[in-house]
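Undergrad: The sequence isn't on hand, but the structure is:
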């Protein structure tokens, strides 16, 4: 059993085309022995965003802190702590910080798409 | 894309042998179209606990609120908000509220083991 405090997990800059001000902590991945899905925690700085993109796997998301939006069919839907999202495979999406503090959320994907 | 506030999701009593004072909200399940994993949010009342048990699938857990413990190899390890856990398949475990307020955590499992 792995038990860790999120703050002790290395925060890495997200290096993707279209990402700005994004960091990620790899909370649970195949490196921990996780066979089916990976838990990542993203933090977007004020003014930052993830890419507007889609991919052939789903997201399950839980908003932890801050204020943000998610792009859904061209509309920026507001998000707040305690919001839950399911983004099906191949659906276009983008997360944006809409506040003055870090926007933090958990985002899970199938393990086979988690690169490290 | 599903977007919901956790507070708006129905809270159901956990009816399992060995569970006491436990409620669950089914945040993302196969009913939402989730093909690979299910997100549930548990809330344990003061004095309550989940069963001490094991099963043939893993948990990925993120602690949201309150103070608790997890049983790991006979030791009650303290848990606080922001703690992350990976519990491999077949490892014995139990969550207990160790505080005076609700102990709340996200717990994900493979979708095929989520009953509804």
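TA: On my side now, so go ahead. Computed from a prediction, not measured in an experiment: that's the story for all the values here.
Undergrad: next one: stretch A:44-61 to chain centre, how far?
TA: 6 Å (C-alpha atoms, centre = their mean, to the nearest Å).
Undergrad: With stretch A:35-53 instead?
TA: Worked out by C-alpha atoms, centre = their mean, stretch A:35-53 lies 2 Å from the chain centre.
Undergrad: does any bit of it sit next to chain B?
TA: Yes - with C-beta under 8 Å from any C-beta of the partner chain as the criterion, chain B is reached by stretch A:35-53 at A:35-37, A:39, A:41. C-beta here means a position set from N, CA and C on the backbone, and glycine is covered the same way.
Undergrad: And the lengthiest strand in chain A, what's buried?
TA: Counting residues, the longest strand found in chain A (DSSP state E) is strand A:37-49. By neighbour count, with 16 or more other C-beta atoms under 10 Å in any protein chain shown as the criterion, the buried positions of strand A:37-49 are A:37-44, A:48-49.
Undergrad: now do stretch A:56-68
TA: A:57-64, A:66-68.
Undergrad: average pLDDT across it?
TA: Averaged over stretch A:56-68, pLDDT sits at 98.
Undergrad: which parts of chain A sit against chain B?
TA: A:1-7, A:9, A:27-28, A:32-37, A:39, A:41, A:58, A:60, A:62, A:70, A:72-73, A:77, A:79-80, A:82-89, A:91, A:93, A:106, A:108, A:110.
Undergrad: where in chain A is pLDDT low?
TA: A:116 (pLDDT under 70).
Undergrad: Just the strands from it, written as ranges.
TA: Going by DSSP E, chain A shows strands at A:2-5, A:11-13, A:20-28, A:37-49, A:59-65, A:68-72, A:75-79, A:83-87, A:95-97, A:103-110.
Undergrad: quick one on the thing from earlier: ok, the buried residues of stretch A:56-68 vs residue B:98, which is closest?
TA: residue A:64 (21.8 Å; C-beta to C-beta).
Undergrad: Can you report how many residues neighbour the closest residue to the closest one other than its chain neighbours?
TA: Leaving aside its sequence neighbours, residue A:64 sits nearest to residue A:104 (C-beta to C-beta, 6 or more residues apart in numbering or on different chains; 4.5 Å). Close neighbours of residue A:104, defined as other C-beta atoms under 10 Å in any protein chain shown, add up to 19.
Undergrad: If residue A:104 is in a bridge, with which residues?
TA: Beta bridges link residue A:104 to residue A:43, residue A:65 when assigned by DSSP bridges.
Undergrad: wait, what's in contact with it?
TA: A:41-44, A:63-66 (C-beta atoms under 8 Å, 6 or more residues apart in numbering or on different chains).
Undergrad: just these now: which is nearest residue B:17?
TA: Closest to residue B:17, out of all of the contacts of residue A:104 and judged by C-beta to C-beta, is residue A:64, at 32.7 Å.
Undergrad: Check the contact between residue A:95 and residue A:49; I expect there is one.
TA: Yes - using C-beta atoms under 8 Å, residue A:95 is in contact with residue A:49, at 6.5 Å.
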